[in-house]
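A.B. asks: Return atomic coordinates for the entry below.
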Amino acid sequence: MKEKYRFSQNSEEITIQPYFAYKMKVWILFVLSALVFGIIPYVGDTVSYDVRTTAYAIAGVMTAVALYDYLFRIHVKFLFDKRTSSIYKINGPLLKSRLMSFDEMTIINTTQHGEMEYAIAPKKNQFVRNYSISDSFGSGAKSLKREEVYIEEILNPILNFVKS
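C.D. replies: Model (predicted):
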């Protein structure tokens, strides 16, 4: 579980990359769109104009989603820094922004597409601005087991770190 989220902890800080698991999704979307863009020109005479246009549109959307996830999600890292008692969001190597202090933070459950996620948020406006720190958990048995492991290996260490 810790590898999936690139979770690391030492005495001074915790880092987590909650969207790192999207890496496989990004590669699958890139490969599928490359296949569509590579195959359609060769079979273009055997399929109608509407089918080619639809295939190109779908491949374009897949490429855009993969590019967005690669640029703006995979590299997002949250840093819990004990030296400053603050939580930072780091986008890539250059962009680092302070989100909140430890005493402002609360953990909430958010719902995305009918599935529950854990998020950090400031106590005063937790429903306006929150930051997901987990993957989605459904209601199935496997998902409940994944959630238990997530709570034990990642969420509890974060809460203990922030409280200490």
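A.B. asks: In space, not sequence, find me the middle residue of the protein.
C.D. replies: residue 19 (2.4 Å; Cα atoms, centre = their mean).
A.B. asks: Show me where the protein has its helices.
C.D. replies: 22-43, 49-72, 141-150, 156-163 (DSSP state H).
A.B. asks: Would you mind giving the ones you listed as JSON lines with distance to residue 120, mean pLDDT and mean neighbour count added?
C.D. replies: Where you see a C-beta, it was placed from the backbone N, CA and C, and this is true even at glycine. Output for the helices of the chain, formatted as JSON lines (distance: least, Cβ to Cβ, whole Å; pLDDT from 0 to 100; neighbours: other Cβ atoms under 10 Å):
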{"stretch": "helix 22-43", "distance to residue 120": "19", "mean pLDDT": "91", "mean neighbour count": "14"}
{"stretch": "helix 49-72", "distance to residue 120": "18", "mean pLDDT": "91", "mean neighbour count": "14"}
{"stretch": "helix 141-150", "distance to residue 120": "14", "mean pLDDT": "88", "mean neighbour count": "14"}
{"stretch": "helix 156-163", "distance to residue 120": "8", "mean pLDDT": "90", "mean neighbour count": "14"}
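A.B. asks: Mind splitting this protein into its structural domains?
C.D. replies: Residue ranges for each domain of the chain read 8-19+78-163, 23-72, as given by automatic domain parsing.
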